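In: Quick one, structure for this:
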Amino acid sequence: MCEDEEGDEDGADEDDELPAAEMKKMKKRNVTLTLERIDGSLGIAVAGNQVTAVHKNGAGEAAGLEIGDLITEVNGKDTHLDTFGSLLPKDKTKPIKLRVVRLDAL
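Out: Next comes the predicted model:
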């Protein structure tokens, strides 16, 4: 499940690694996704709070996550206060509501 929300387009975040000229050609978009583990697995790799890999046929792919997505909330809790992993529910059968910032080319 994926819901798009128009995002803030002004300026780059300090975590962005694209050159300024490239950033001007990108649009930030907030996306809300529901991630449901498959056989206990999230099906993604994360560095900090950024998705670095989405495994084929995994839970992340089914939810619509993309490489480069920046996870900003897990079940309504801000990832700037705690890490992604620490915010995951202990019960692996519960769905995980994620809010991510995605950069799209214009």
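
In: who's in contact with Leu42?
Out: Residues near Leu42 by Cβ atoms under 8 Å, 6 or more residues apart in numbering: 35, 58-60, 88, 96. C-betas here are computed from N, CA, C, even on glycine.

In: try 7 Å
Out: 35, 59-60 (Cβ atoms under 7 Å, 6 or more residues apart in numbering).

In: Same question for Lys77.
Out: Contacts of Lys77 were listed using Cβ under 7 Å, 6+ apart, and they are Leu87.

In: how much space between it and Leu87?
Out: As judged by Cβ to Cβ, to the nearest Å, Lys77 and Leu87 stand 5 Å apart.

In: can you check Lys56 too?
Out: Counting by Cβ to Cβ, the gap between Lys56 and Leu87 amounts to 25 Å.

In: neighbour count winner among the two?
Out: Taking Lys56 and Leu87 together and counting by other Cβ atoms under 10 Å, Leu87 has the greater number of neighbours (19 against 7).

In: That one: what's it in contact with?
Out: Contacts for Leu87 were tallied using Cβ under 7 Å, 6+ apart; they are 74-75, 77, 79.

In: Next: Met26.
Out: Residues in contact with Met26 (Cβ under 7 Å, 6+ apart) are 18, 103-106.

In: List the ones among these that fall in strands.
Out: Counting by DSSP state E, the contacts of Met26 place 103-105 in strands.

In: and Glu66, how many neighbours?
Out: Using other Cβ under 10 Å, Glu66 is surrounded by 16 other residues.

In: I'd guessed it sits against Arg102; true?
Out: Yes: Glu66 sits in contact with Arg102 when judged by Cβ atoms under 7 Å, with a separation of 6.4 Å.

In: what's near enough to touch Gly40?
Out: Residues touching Gly40, when contacts are defined by Cβ under 7 Å, 6+ apart, comprise Lys92.
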